[in-house]
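Q: sharing a model that was predicted from the sequence below.
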Amino acid sequence: MKINVTIEIPKNSKVKYEYDRKTKEIVVDRILYGPSSYPLNYGFIKEALDWDGDELDALIIADQSFIPGCVVPVRVLGAMEMIDGGETDTKLITVIDCDPRYDHLKSLKDVPKHTLLEIEDFFSTYKNLQNKKVTIKGFKDLAWAEKEYQECVQLMKDYGSMDKKAFIKKMMKEHPKKYAK
């Protein structure tokens, strides 16, 4: 599956940028509290709304660091399912689609195991110094990722104009399995 991802955070950055759907701007949310930096380029999928009330996130495997706001064509390889602050916060794992050096990556099985370990380690610890809990539920295959993407596209169509807090409150009531207690 090929999609476009808008970059929020360049690879190796300690700055947490966040897209604001109301203003359509990328703003500085915070500086990471600890010594880690983002292991891959990090962005969002404009047409897909995740259960946390933000656009669906994507990590991009590539050699380059991309500037915030640029759009990168990618292929989806799978996903990492995680709970952040009690809310489902899926990360699609993707690879740049316009670099022939990555043509061999078709699924998560093709990604070096250590790369996946770095992703899991970063996201399981990056909020420790904020005293916030993140739970990694594991990596999921391409079929799971495609289904999650389609679900999030439908959420954006149905609820994209809704206030984030109102959306989460409504979804927690209607879909409690998507939220930790």
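A: Cool, got the structure. Residues are numbered from 1 along each chain as shown.
Q: please name every helix or strand in contact with the longest helix seen in the chain.
A: Using DSSP state H, we find that the single longest helix of the chain is helix 142-159. Judged by 3 or more C-beta pairs under 8 Å, 6 or more residues apart in numbering; DSSP states H and E, helix 142-159 is in contact with strand 41-49, strand 55-61, strand 71-84, strand 91-96. All C-beta spots, glycine's among them, are computed from the backbone N, C-alpha and C.
Q: need the ones you listed in TSV (columns: mean pLDDT).
A: Listed next are the helices and strands packed on helix 142-159 as TSV, based on pLDDT from 0 to 100:
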stretch	mean pLDDT
strand 41-49	98
strand 55-61	98
strand 71-84	97
strand 91-96	98
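Q: quick one: closest of those to Ala143.
A: Closest approach to Ala143 among the helices and strands packed on helix 142-159 is made by strand 71-84 (9.0 Å; C-beta to C-beta).
Q: first-to-last residue distance for stretch 96-104?
A: 11 Å (C-alpha to C-alpha, to the nearest Å).
Q: ok, residues contacting it?
A: Residues from elsewhere that reach stretch 96-104 (C-beta atoms under 8 Å, 6 or more residues apart in numbering): 2, 60-64, 72-75, 95, 110.
Q: chain center to stretch 138-155: distance?
A: Put simply, stretch 138-155 sits 12 Å off its chain's centre (C-alpha atoms, centre = their mean, to the nearest Å).
Q: for that stretch, buried residues please.
A: For stretch 138-155, the neighbour count (16 or more other C-beta atoms under 10 Å) marks 139-140, 142, 145, 148-149, 151-153, 155 as buried.
Q: do stretch 84-99 as well
A: Using 16+ other C-beta under 10 Å as the test for burial, stretch 84-99 gives 84, 87-97.
Q: count the neighbours of Lys132 for me.
A: 11 (other C-beta atoms under 10 Å).
Q: let me see the contact set for it.
A: Each residue near Lys132 by C-beta under 8 Å, 6+ apart is listed here: 84-85.
Q: what distance do you get for it to Ile9?
A: 18 Å (C-beta to C-beta, to the nearest Å).
Q: show me what contacts the residue most central in space within the chain?
A: When C-alpha atoms, centre = their mean is applied to the chain, the residue found nearest the centroid is Asp57 (2.2 Å). By C-beta under 8 Å, 6+ apart, the contact list for Asp57 reads 42-45, 50, 89-92.
Q: next one: phi and psi at Lys137?
A: Dihedral pair for Lys137: phi -90, psi -10, per degrees, to the nearest 10.
Q: wait, what's in contact with it?
A: Lys137 neighbours (C-beta under 8 Å, 6+ apart): 81-83.
Q: many thanks, I have nothing further to ask.
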